[in-house]
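*Asks:* Sharing a model that was predicted from the sequence below.
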Amino acid sequence: MLRAVALVAALAQAWVPRPRATPKPLSHLRPHAHLRPPTRLRATVERSEFLYAADIEAHSATLASTLAACGRDDRAEMASYADALECESEYLRPSGRRAVRYAVEVAFLAHRGQKRRSGEPFVTHPVEVAKILARTHMDRDTVVSGLLHDTVEDTDLTFGEVEAMFGVDVRRIVEGETKVSKLPKMARELPAADAEKEQVENMRSMFIAMAEDWRIVVVKLADRLHNMRTLRFMPPRKRAKISRETLEIFAPLAHRLGMWQYKTELEETSFEHLFPAEYAALDEAIARKRTTVEAALEECRGTLETMLMDDVMIKGRMRTVSIEGRTKSCYSTWKKMQRQQCGIERIDDLVALRVVLKAERPEAEADTSLCYHVLGKVHSTWTPLPRTLKDYISSPKPNGYRSLHTTVLVGSQPLEVQIRTDDMHRVCLLYTSPSPRDATLSRMP
Ligand code: MN
């Protein structure tokens with residue numbers, strides 16, 4: 001059972017991940033990597049076919065006629081989306097991966113011929129939304145709903161057809177998606193509707209949806225995230241409005257739900273659109289700071305890596321320990337400056353070293369004692385600065401954020417070190433899966 005600790009060091013994109021200390025056993029390889037070695041040509045031909053043609057024809061006459069009109073280019077395009085998603089959804093069970101493939105085919109046919117403002121095929125949007133959801137290991141129905149979230153609103157597909165093909169949960173999420181996006185528009189059409197009213201309405205629709213199934217909100221957040229990534233294709237006036245809404249409603253919602261990855265990117269993109277000058281200045285200042293502390297960061301990382309590699313407490317209990325530098329986001333730096341009424345030079349956690357412990361077995365993630373063990377190691381190697389230790393493990397932040405923070409002197413450079421388990425690091429929803437069946441579909445956080 002004992003497996004040497006593999007230390008993965010990736011300092012943002014600046015460092016190349018180190019090779020694992022020991023090769024993984026075969027069982028860890030992707031099943032299809034060695035179990036099914038079909039000839040390359042046959043695999044390609046099979047892959048670019050609509051594998052669910054029969055099901056699609058059985059459930060939707062409209063999709064069936066689109067399918068009949070599809071040529072070789074269509075099939076190749078569809079297969080490229082399916083391939084991209086398959087890479088991201090390896091954490092799902094085979095049945096889940098099959099459902100995702102089925103949904104790619106349905107979404108492709110439903111949106112065929114539609115274009116986004118960017119000129120790209122519309123289907124690239126739901127595919128990207130599903131990728132975002134898969135990267136945060138959402139369950140099967142959430143990823144499938146990401147693929148289908150715009151189909152009923154923008155195409156001929158009906159809720160009944162969605163349910164017949166993907167079940168009642170997917171129908172509920174897609175239906176919720178449609179409702180959430182309609183409510184603010186309805187509020188806008190009211191003669192007396194001002195901006196404030198609209199936001200109240202937006203908030204209200206979000207909470208109603210969340211009460212029904214929180215995955216509706218998760219898909220909505222992923223949808224918004226991709227729309228923010230492609231916001232430059234919108235007219236400027238709309239850009240500001242959407243950015244403000246994102247910053248005031250969606251980012252705080254992601255924050256409350258503990259979905260850090262979504263939250264940070266939602267904030268950064270909207271901040272960049274709303275305050276381009278401030279964003280650029282902070283971005284540059286943070287990059288400069290990073291260069292200044294680079295040496296200290298690298299020294300600390302290297303020492304810690306060697307130390308933890310040989311640590312008897314960690315060996316066998318932790319699968320990987322990732323040690324990487326993280327830079328504070330522009331928006332949270334800006335907010336901290338506003339809060340503390342100070343300049344950027346007073347913000348001392350612009351750059352920090354983040355240690356993430358990934359347990360051998362998922363249930364061991366609950367064991368937080370190793371975080372304190374690593375903290376002890378850090379404090380016995382470098383001098384901690386007084387009053388900088390923050391224990392968000394024993395007293396989590398209101399949004400559920402858990403981690404140990406401490407600032408130590410590396411040479412003459414103060415450096416913040418953050419220690420947490422992978423469990424704390426991942427998307428950590430406050431809500432649990434609505435039914436036990438869903439919980440077994442994938443590793444819901
Ligand atoms: Mn959408």
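*Replies:* That came in fine, so what should we check first?

*Asks:* From here on, just use CA atoms for contacts and neighbour counts.
*Replies:* Fine.

*Asks:* does Arg387 sit in a helix, a strand or a coil?
*Replies:* Under DSSP: H, G, I helix; E, B strand; the rest coil, Arg387 falls in the coil class.

*Asks:* quick one, phi psi at it?
*Replies:* phi 60, psi 20 (degrees, to the nearest 10).

*Asks:* That one: what's it in contact with?
*Replies:* With contact set as Cα atoms under 8 Å, 6 or more residues apart in numbering, Arg387 has no partners.

*Asks:* what's the helix or strand for His125?
*Replies:* helix 124-135 (DSSP states H and E).

*Asks:* At which residues are the strands of the stretch 301-445 of the chain located?
*Replies:* Listed in chain order, the strands found in the stretch 301-445 of the chain under DSSP state E, counting those that start in this stretch are 318-327, 351-359, 383-384, 390-391, 404-410, 413-421.

*Asks:* will you turn the ones you listed into JSON lines that also has mean neighbour count and distance to Arg339?
*Replies:* Output for those, formatted as JSON lines (neighbours: other Cα atoms under 10 Å; distance: least, Cα to Cα, whole Å):
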{"stretch": "strand 318-327", "mean neighbour count": "22", "distance to Arg339": "19"}
{"stretch": "strand 351-359", "mean neighbour count": "24", "distance to Arg339": "19"}
{"stretch": "strand 383-384", "mean neighbour count": "16", "distance to Arg339": "25"}
{"stretch": "strand 390-391", "mean neighbour count": "16", "distance to Arg339": "19"}
{"stretch": "strand 404-410", "mean neighbour count": "22", "distance to Arg339": "20"}
{"stretch": "strand 413-421", "mean neighbour count": "23", "distance to Arg339": "20"}
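
*Asks:* on that earlier part again, heading C-terminal from the helix holding His125, find the next helix or strand.
*Replies:* helix 140-148.

*Asks:* got any ranges where the stretch 251-400 of the chain has weak pLDDT?
*Replies:* 362-366 (pLDDT under 70).

*Asks:* Nearest residue to the middle of the protein?
*Replies:* What sits nearest the mean C-alpha location of the chain, by Cα atoms, centre = their mean, is Thr136, with 4.2 Å.

*Asks:* Got the phi and psi for that residue?
*Replies:* Dihedral angles of Thr136 (phi, psi; degrees, to the nearest 10) stand at phi -100, psi 20.

*Asks:* still on that earlier bit, got the buried residues for the helix holding His125?
*Replies:* Within helix 124-135, the residues that count as buried by 16 or more other Cα atoms under 10 Å are Thr124, His125, Pro126, Val127, Glu128, Val129, Ala130, Lys131, Ile132, Leu133, Ala134.

*Asks:* How about residues contacting that helix?
*Replies:* Contacts to helix 124-135, defined as Cα under 8 Å, 6+ apart, come from residues 81, 85, 88-89, 104, 107, 142-150, 219, 222-223, 225-226.

*Asks:* same question for it, mean pLDDT?
*Replies:* Average pLDDT, helix 124-135: 96.

*Asks:* tell me the angle of that helix relative to helix 140-148?
*Replies:* 160 degrees (axes from the mean of the first three to the mean of the last three Cα atoms, to 10 degrees).

*Asks:* Dump helix 124-135 to CSV, restricted to CA.
*Replies:* What follows is helix 124-135, C-alpha atoms only, in CSV (Å, rounded to 0.1, in the frame of the first residue of the first chain):
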residue,chain,number,x,y,z
THR,A,124,-18.7,25.8,-29.1
HIS,A,125,-20.4,27.7,-26.2
PRO,A,126,-22.2,24.7,-24.6
VAL,A,127,-19.2,22.6,-25.2
GLU,A,128,-17.0,25.0,-23.3
VAL,A,129,-19.5,25.3,-20.5
ALA,A,130,-19.5,21.5,-20.1
LYS,A,131,-15.7,21.5,-20.1
ILE,A,132,-15.7,24.1,-17.2
LEU,A,133,-18.1,21.8,-15.3
ALA,A,134,-16.1,18.7,-16.0
ARG,A,135,-12.8,20.4,-14.9
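
*Asks:* so how far is it off the chain centroid?
*Replies:* Counting by Cα atoms, centre = their mean, to the nearest Å, helix 124-135 is centred 10 Å from the centre of its parent chain.

*Asks:* now stretch 148-162
*Replies:* 25 Å.

*Asks:* got the buried residues for whichever helix or strand Lys289 is part of?
*Replies:* With secondary structure defined by DSSP H and E, Lys289 is part of helix 276-309. For helix 276-309, burial by neighbour count (16+ other Cα under 10 Å) applies to 279, 282-283, 285-286, 290, 293, 296-298, 300-301, 304-305, 308-309.

*Asks:* Just the closest of the residues you listed to Met424, please.
*Replies:* Leu308 (19.4 Å; Cα to Cα).

*Asks:* nearest spatial neighbour of the closest one, skipping sequence neighbours?
*Replies:* The shortest distance from Leu308 to any non-neighbouring residue, by Cα to Cα, 6 or more residues apart in numbering, is to Ile314 (7.0 Å).

*Asks:* Roughly how far does the one you found sit from Lys377?
*Replies:* 12 Å (Cα to Cα, to the nearest Å).

*Asks:* And Ile286, by the same measure?
*Replies:* 28 Å.

*Asks:* Then Asp139?
*Replies:* Distance, Asp139 to Lys377, by Cα to Cα: 37 Å.

*Asks:* Compare the two (neighbour count), which wins?
*Replies:* Asp139 (25 against 15; other Cα atoms under 10 Å).

*Asks:* three-state assignment of Glu49?
*Replies:* On the basis of three-state DSSP, Glu49 is classed as coil.

*Asks:* Just the pLDDT for the residue lying closest to Ile56 once chain neighbours are set aside.
*Replies:* In space, and not counting its chain neighbours, Ile56 is closest to Ala64: 6.3 Å by Cα to Cα, 6+ apart. Model confidence at Ala64, expressed as pLDDT, equals 94.
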